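> what would the 3D arrangement of this be:
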Amino acid sequence: MKYYLFVSIIPLYIFCVKILQKRNIIFSINEKIILFMFMILYCNLSKLFIFDPIILYRAVFIMPLIIVISTVDINERWVFDEDIISGIIINMGTIVLAFVFGIYGDKVNYIGFIGCYKYLLNAFVGMATLFVVTIIINVSTGSLGMGDVLYFALAGSFCGFGGIFILFFGSFILAGIFCLASYINSRINNVIMNKTIAFTPFISMSLIIYISIFL
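Alright, predicted model coming up:
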């Protein structure tokens, strides 16, 4: 399995860089090297902390989109629908392919089908729950953009129902810490603090923390 994951990093890295270029975000050579090293580190840490093969492959294959969505949001304050849809397809598709190719057994059987069904149901419930909660926040307060709502739904499909609470509150806690640090910095250095922030990076960090610690 470790060789498959290592080989997978190269096309995933190329995919990540190409999508960012399509979004008019060009990395320097040094930044590309750092990105590649980060992806290798992420992959190796995933192998250390994640023992379920389906979750492991989902974590690795979703990584480029986590990077793309967060980077684009930081630079452009925008989340592309096609990135969200691609992430959901990759997440759900990995579960189905794991069942079809027998990661949980040598052949497709009834037990494997039930396992696949439970994974898909859990992913769908997590996605739907976070979508409903965050769309209510979007409509009632406007503090979350629609891109944040959709990205929460994507992340919820990965965490499942059992992880959405950690993901949701973790994102706001991380964003709160960042805003507090920015406020202190603005008062010390007498600079104007930005009134809006890109929120998807905090969702990404919360998702990675959840994957590393709780899965």
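> give me the neighbour count for residue 94.
For residue 94, the count of nearby residues is 21 (other CB atoms under 10 Å). In this view, the C-beta of every residue, glycine as well, is placed from N, C-alpha and C.
> who's in contact with it?
Contact criterion CB atoms under 8 Å, 6 or more residues apart in numbering gives 54, 57-58, 61 as the residues in contact with residue 94.
> tell me the secondary structure at residue 79.
coil (DSSP: H, G, I helix; E, B strand; the rest coil).
> gap between it and residue 19?
13 Å (CB to CB, to the nearest Å).
> what do you get for residue 97?
Separation of residue 97 from residue 19 (CB to CB): 21 Å.
> what does residue 50 give?
Separation of residue 50 from residue 19 (CB to CB): 24 Å.
> so which of those two has more stuff around it?
Between residue 50 and residue 19, counted using other CB under 10 Å, the more crowded position is residue 19 (21 against 18).
> hang on, the more buried one packs against residue 67?
No: assessed by CB atoms under 8 Å, residue 19 is found out of contact with residue 67, at 9.0 Å.
> residues contacting the closest residue to residue 205 other than its chain neighbours?
With CB to CB, 6 or more residues apart in numbering as the measure, residue 174 is the residue that lies nearest to residue 205, at 5.5 Å, once sequence neighbours are left out. Counting by CB under 8 Å, 6+ apart, residue 174 touches 202, 205-206.
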